[in-house]
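**Student:** got a predicted structure here, sequence first:
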Amino acid sequence: PGTAAVDRREPAAAACLLLASVAGGTYLAHEMTLASDPSTPEFLDDEDVAAMEWAERETAPDATFVVLGDAAEWFPALADRTILVGPWGVEWRGPDAYTAQLESFEAISRCDSAACVEAELAAAGVDPEYVYLPKGAYTVRGHPEVTFGTLDRSFAASPDWERAYENDGVVVYRAAG
């Protein structure tokens, strides 16, 4: 009688374990795909992909970029171009290098004028050929930012930059001269 009771409990325990695994996995998949989930913000859209495809097609393989906002994380992979400011891939250089890159990325990404971007670029010691600007709403490390067009207008008015590419969500400026 004792072994029969054990034999019935093992399938029941396995069924409960399977049910719990499926339920947990389903819940996790649901949570990770919610647009409002702050742990996985949506920061890459069709306009970003189109701009990155343009960069890969229309710029030199050794062209350098500074990309504002969280789309920067995907830029090297999708455009096959180098970004000069960003914390991705810098971890192996140590905490000081990582912190400096992260702080520069955040500061540049929160600028509201070409003068601010230029000052932050100078502080970071970088001189990119291109600056990639999101239009409207975007995120910086998952936190929402909005430009209201002021950043784009500031670059457009600057004699140091010329518009190289634009779509509904992104504008890319090339250093003039």
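**Tutor:** That came through fine. Numbers count the residues shown, from 1 in each chain.
**Student:** now do the SS call for the closest residue to residue 74 other than its chain neighbours.
**Tutor:** Closest residue to residue 74 apart from its sequence neighbours, by C-beta to C-beta, 6 or more residues apart in numbering: residue 44 at 5.4 Å. Quick note: C-beta positions are derived from backbone N, CA and C, even for glycine. Taking DSSP: H, G, I helix; E, B strand; the rest coil as the rule, one finds residue 44 in the coil state.
**Student:** got a list of what residue 157 touches?
**Tutor:** Counting by C-beta atoms under 8 Å, 6 or more residues apart in numbering, residue 157 makes contact with residue 114.
**Student:** same check, this time on the one 3 residues further on
**Tutor:** For residue 160, the set of contacting residues under the criterion of C-beta under 8 Å, 6+ apart consists of 114, 118, 175-177.
**Student:** next one: it from residue 173, what distance?
**Tutor:** In this view, residue 160 and residue 173 are 9 Å apart by C-beta to C-beta, to the nearest Å.
**Student:** ok, now residue 167?
**Tutor:** Residue 167 is 14 Å from residue 173, by C-beta to C-beta.
**Student:** and those two? Which one has more around it.
**Tutor:** In this view residue 167 and residue 173 are compared by other C-beta atoms under 10 Å, and residue 173 has more residues nearby, 25 against 14.
**Student:** for the more buried one, which residues make a bridge with it?
**Tutor:** Listed beta-bridge partners, residue 173: residue 131, residue 163 (assigned using DSSP bridges).
**Student:** wait, it sits on residue 128?
**Tutor:** No: under the criterion of C-beta atoms under 8 Å, residue 173 is not in contact with residue 128, lying 9.6 Å apart.
**Student:** so residue 119: helix, strand or coil?
**Tutor:** Secondary structure, three-state DSSP: residue 119 is helix.
**Student:** that one: neighbour count?
**Tutor:** For residue 119, the neighbour count with other C-beta under 10 Å is 14.
**Student:** check what pLDDT it gets.
**Tutor:** For residue 119, the pLDDT comes out at 98.
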